[in-house]
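> could you look at this predicted model? Sequence included:
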Amino acid sequence: MKYGYGWVLKFVLAAILLGVGIYLTFADEVVYTITGVTIVIFSLLRVIPLMKSLKKEVLRTVNLIEIIFDTLIGGVLIYIALSGKFDESNLWAQVYRYGVAFFFYARALVFFNSVVFLGEKTEIPKFWVHIGSITIGTYIATSSEFSYKSVAYFLLIVALIGVLYLSYDGYKGYKQYRRFQLEMNEGEGKGKSKETQKEIEQRKEVILDEQKDDRPYVN
């Protein structure tokens with residue numbers, strides 16, 4: 001559509017995403033909830049496309065097992081956040097910590113096993129993303145400085161990237177919308193100009209006909 005209004009939604013979503021990203025650095029319960037919800041959504045939305053696109057049964061089985069475990073981990077993290085049982089010093093904090101570490105580490109482990117041992121082809125950016133994934137998982141599992149703040153800052157970075165993307169995409173949509181408005185207004189002006197010119201030509205013909213009628217008849 002030449003005049004789609006999706007740019008409005010993208011501008012609003014960019015503002016909301018930025019606000020939530022900043023708020024995450026101050027609200028630990030929100031960080032825990034968003035972490036769990038993100039893991040669940042990332043896992044479940046991949047199921048059908050992934051299962052249909054993988055050619056080998058062993059690849060489908062391995063990835064499905066990973067998705068099931070990730071979904072369970074995400075559900076547990078959501079429960080921890082909403083139940084109010086979370087404390088930085090209790091057992092639930094360790095469940096959260098190692099659950100997130102497992103998510104990143106398992107994703108990288110499944111990827112590298114699929115590429116190295118099961119013949120799955122990949123792209124260079126995807127390779128480096130999973131190098132980052134296994135690094136993050138290792139850091140979370142071993143660092144004594146890990147806390148919800150670490151996750152909050154990570155989510156803030158992701159939110160800022162999302163804000164830039166939505167803002168740029170929304171800007172392009174708005175620019176296209178204004179271009180359509182300009183073309184529509186220019187087209188309307190041209191239509192009026194053509195109509196006026198046509199009326200002028202018709203009036204000229206009427207005047208010429210009247211002049212012919214007024215001329216005396218000469219034999």
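Alright, I've got the coordinates.
> rest of the way, CA atoms for contacts and neighbours
OK.
> counting contacts, what elements does the helix or strand containing residue 78 pack onto?
In the assignment (DSSP states H and E), residue 78 maps to helix 57-83. Packing partners of helix 57-83 (3 or more Cα pairs under 8 Å, 6 or more residues apart in numbering; DSSP states H and E): helix 28-44, helix 47-53, helix 91-116.
> could you dump these to CSV with distance to residue 60 and mean pLDDT?
Output for those, formatted as CSV (distance: least, Cα to Cα, whole Å; pLDDT from 0 to 100):
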stretch, distance to residue 60, mean pLDDT
helix 28-44, 14, 85
helix 47-53, 6, 90
helix 91-116, 10, 89
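> okay, the ones you listed in a markdown table with mean neighbour count and distance to residue 73 next?
Listed next are the helices and strands packed on helix 57-83 as a markdown table, based on neighbours: other Cα atoms under 10 Å; distance: least, Cα to Cα, whole Å:
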| stretch | mean neighbour count | distance to residue 73 |
| --- | --- | --- |
| helix 28-44 | 19 | 7 |
| helix 47-53 | 12 | 16 |
| helix 91-116 | 19 | 6 |
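> quick revisit: report the buried residues of the helix holding residue 78.
Under the neighbour-count criterion of 16 or more other Cα atoms under 10 Å, helix 57-83 has 59-60, 63-64, 66-67, 69-81 buried.
> any idea how far it is from the chain center?
Relative to its parent chain, helix 57-83 has a centroid offset of 22 Å by Cα atoms, centre = their mean, to the nearest Å.
> now the angle from that helix to helix 91-116?
Angle, helix 57-83 to helix 91-116, by axes from the mean of the first three to the mean of the last three Cα atoms, to 10 degrees: 160 degrees.
> relative to helix 28-44, how tilted is helix 57-83?
Between the axes of helix 57-83 and helix 28-44, defined by the same axes, to 10 degrees, the angle is 160 degrees.
> for this structure, give me the ranges with low pLDDT.
1-5, 7, 85-90, 187-219 (pLDDT under 70).
> at 90 instead, please
The model of the chain has pLDDT under 90 over residues 1-38, 42, 50, 53-56, 76-99, 118-122, 136, 139-219.
> state the distance from residue 65 to residue 140.
According to Cα to Cα, to the nearest Å, residue 65 and residue 140 sit 22 Å apart.
> the closest residue to residue 156 other than its chain neighbours - how many residues pack around it?
Spatial nearest neighbour of residue 156, chain neighbours left out: residue 21 (4.5 Å); criterion: Cα to Cα, 6 or more residues apart in numbering. The number of residues packed near residue 21 is 22, by other Cα atoms under 10 Å.
> list the contacts of the helix or strand containing residue 21.
Assigning secondary structure by DSSP H and E places residue 21 in helix 6-24. Contact with helix 6-24 is made by 30-31, 152-153, 155-157, 159-160, 162-164, 166-167, 169-174, as judged by Cα atoms under 8 Å, 6 or more residues apart in numbering.
> next one: it to chain centre, how far?
Distance of helix 6-24 from the chain centroid (Cα atoms, centre = their mean) equals 11 Å.
> tell me the buried residues in that helix?
Neighbour-count burial for helix 6-24, counted by 16+ other Cα under 10 Å, picks out 7, 10-11, 13-14, 17-18, 20-22, 24.
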